[in-house]
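**Q** sequence? don't have it. structure:
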């Protein structure tokens, strides 16, 4: 029995390692080729570089306007996620604490709306919002993210608020705190774990989103996925540069993940239980 | 008194988010539904045209092939992603010492958007594999997979599995670790084999995780756009266009707003019906604890 269990463990280990290797191979391949010269890549994409060159990165940095796209991505993601946290936590607090027929219906509508794919409304959406978009496309995009993200975020907060006893609110109101003060000073800090979940789920979605930015943003306001896609389209024959561009596009989020790995995993599993 | 206070609270806490939600999501959604029965051209609707936009959509042969391709993609990706993700979750929740590192590796593709993943694999299928195949004489990869409709379909599946299995793995891990250890110990004492424990105890007790993972993959399958655009671009000859991309092309490139929108409504109905059926069927298997 013991030897069988050990054998099973060994088989799992070998199998798991092979799979893990398969999962990172595409990234390794991209990285490997990003430091090689074009003839070397064509000769054998698997070979180790004869001499490491950083030229590809220099070219890619300027041609895809890396720092501008990175800044755009950061501004749009940070603002959208922060506003989503503020608005949806407040809405969820109201819906969870005020138990009337109308709050029940509002909550139901929010939950049902999560099934609607963006594609089902993008055409009238773009027609309707064209003036807003041409006025300020970054602001418009942030506004849209709030609209599309508010349902899921409110839903997550709602589930969490229901576990906070109402006595806490009552105590605060007896002490003379207004609704707003009670919420921001007492309730909101108690929701740290679910705020982390809301932040991570929305940040991943907004950081990587492609379709909506593609419809809304112009060249100067491009986010990272958009500029990577266009850059690759233009320079895919310059393999080395294209690969360097991909490494640059992948790097920020992977570094972020490695720093906050625990929060990512627990955030997603929190979101999944609900 | 109470209702007055209530109204004030509503104003302070709910008006802004609810108005943004209504303007961004509800109004365009209802608008879009209404427009499909008119001669809307992207700017104005002058008269009702009945269901002619829908009949026109169904007369479009490329739409039928897109529907077939999308349905196949949804079914195959749903099965493949969940089987792989469940397997990964089992590996990562075993007693291996390296389980945390493995989990990190499996999750990484999920951090990166579909476009970038699609482009990475375009390089792999179009260049890396082809040049290796010619060097070592592998018949299977000599021609790029993206040049052939059937192989491009499998390429889409491979990339989708690679991308989303990590996320679904987390959902399954959450389900697996939520099972009480007493139950598992009891089954061990009763002499159940690991396979039997898995099928007769773990799977039924974590049925909720299946409901969620199946729902998420189903929805993602219908909505897939990024990987499609970046990997195959719909080619060769628009044979690998999933519904999302088809609608985008129809409306924004060909300017067919009426049929584009009616196809979008059809897509919505497909997603809604499929999700409803899936959730109500899965719910039946969930065990109350």
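**A** Perfect, I can see it now. Model, not experiment: these values are computed from the prediction.

**Q** contacting residues around the residue of chain B found nearest chain A?
**A** Closest to chain A within chain B is residue B:24: 2.5 Å, counting by C-beta to the nearest C-beta. Where you see a C-beta, it was placed from the backbone N, CA and C, and this is true even at glycine. Counting by C-beta atoms under 8 Å, 6 or more residues apart in numbering or on different chains, residue B:24 makes contact with A:125, A:143, A:144, A:146, A:147, A:148.

**Q** one more: residue A:109?
**A** Shown in contact with residue A:109 (C-beta under 8 Å, 6+ apart): residue B:26.

**Q** change it to 10 Å
**A** Applying C-beta atoms under 10 Å, 6 or more residues apart in numbering or on different chains, we find residue A:109 in contact with A:151, B:18, B:21, B:22, B:25, B:26.

**Q** any idea which element the second one lies in?
**A** To tie it back to what came earlier, the one meant is residue B:18. Applying DSSP states H and E as the criterion places residue B:18 in helix B:15-21.

**Q** can you mark which positions in that helix are buried?
**A** The neighbour-count check on helix B:15-21 (16 or more other C-beta atoms under 10 Å in any protein chain shown) flags B:16, B:17, B:18, B:20, B:21 as buried.

**Q** which members of these additionally contact chain A?
**A** Contacts with chain A within these, counted by C-beta under 10 Å from any C-beta of the partner chain: B:16, B:17, B:18, B:20, B:21.

**Q** how much space between the first one and residue A:152?
**A** In this structure, residue B:16 lies at 17 Å from residue A:152, with C-beta to C-beta, to the nearest Å as the measure.

**Q** just for chain A, where's the confidence low?
**A** Where chain A drops to pLDDT under 70, the residues are A:1, A:273-274.

**Q** domains in it, by residue range?
**A** Residue ranges for the domains of chain A, per automatic domain parsing: A:2-55, A:65-235.

**Q** tell me the most buried of those?
**A** Greatest average neighbour count among the domains of chain A goes to domain A:65-235 (a mean of 19), per mean count of other C-beta atoms under 10 Å in any protein chain shown.

**Q** show the end-to-end separation of that one, please.
**A** End-to-end span of domain A:65-235 (C-alpha to C-alpha, to the nearest Å): 14 Å.

**Q** any idea how far residue A:74 is from residue B:204?
**A** Taking C-beta to C-beta, one finds residue A:74 at 45 Å from residue B:204.

**Q** do residue B:181 as well
**A** Look at residue B:181 and residue B:204: by C-beta to C-beta, they are 17 Å apart.

**Q** more crowded one of those two?
**A** Set residue B:181 next to residue B:204 and count neighbours by other C-beta atoms under 10 Å in any protein chain shown: residue B:204 wins out with 13 against 8.

**Q** and the pLDDT at the more buried one?
**A** Among the per-residue scores, residue B:204 shows a pLDDT of 85.

**Q** got a list of what it touches?
**A** Contacts of residue B:204 (C-beta under 10 Å, 6+ apart): B:179, B:210, B:285, B:286, B:287.

**Q** for chain B, what's its nearest residue on chain A.
**A** Nearest to chain B, among the residues of chain A, is residue A:147, at 2.5 Å (C-beta to the nearest C-beta).

**Q** that residue and residue B:16 touch, don't they?
**A** No - counting by C-beta atoms under 10 Å, no contact exists between residue A:147 and residue B:16, whose distance comes to 11.1 Å.

**Q** hang on, the residue of chain B closest to chain A in a helix?
**A** Yes - under DSSP: H, G, I helix; E, B strand; the rest coil, residue B:24 sits within a helix.

**Q** any idea how far residue B:35 is from it?
**A** Taking C-beta to C-beta as the measure, residue B:24 and residue B:35 are separated by 17 Å.

**Q** with residue B:190 instead?
**A** In terms of C-beta to C-beta, residue B:190 sits 62 Å off from residue B:35.

**Q** just residue A:114 next, same as before
**A** Using C-beta to C-beta, residue A:114 is found at 23 Å from residue B:35.

**Q** cool, and residue B:231?
**A** The gap separating residue B:231 from residue B:35 is 32 Å, by C-beta to C-beta.

**Q** okay, the two: which has more neighbours?
**A** A direct count of neighbours by other C-beta under 10 Å for residue B:231 and residue B:35 places residue B:231 higher, at 29 against 23.

**Q** and the more buried one, what does it touch?
**A** B:114-115, B:117-122, B:124-126, B:145-146, B:152, B:155-156, B:158-160, B:240.
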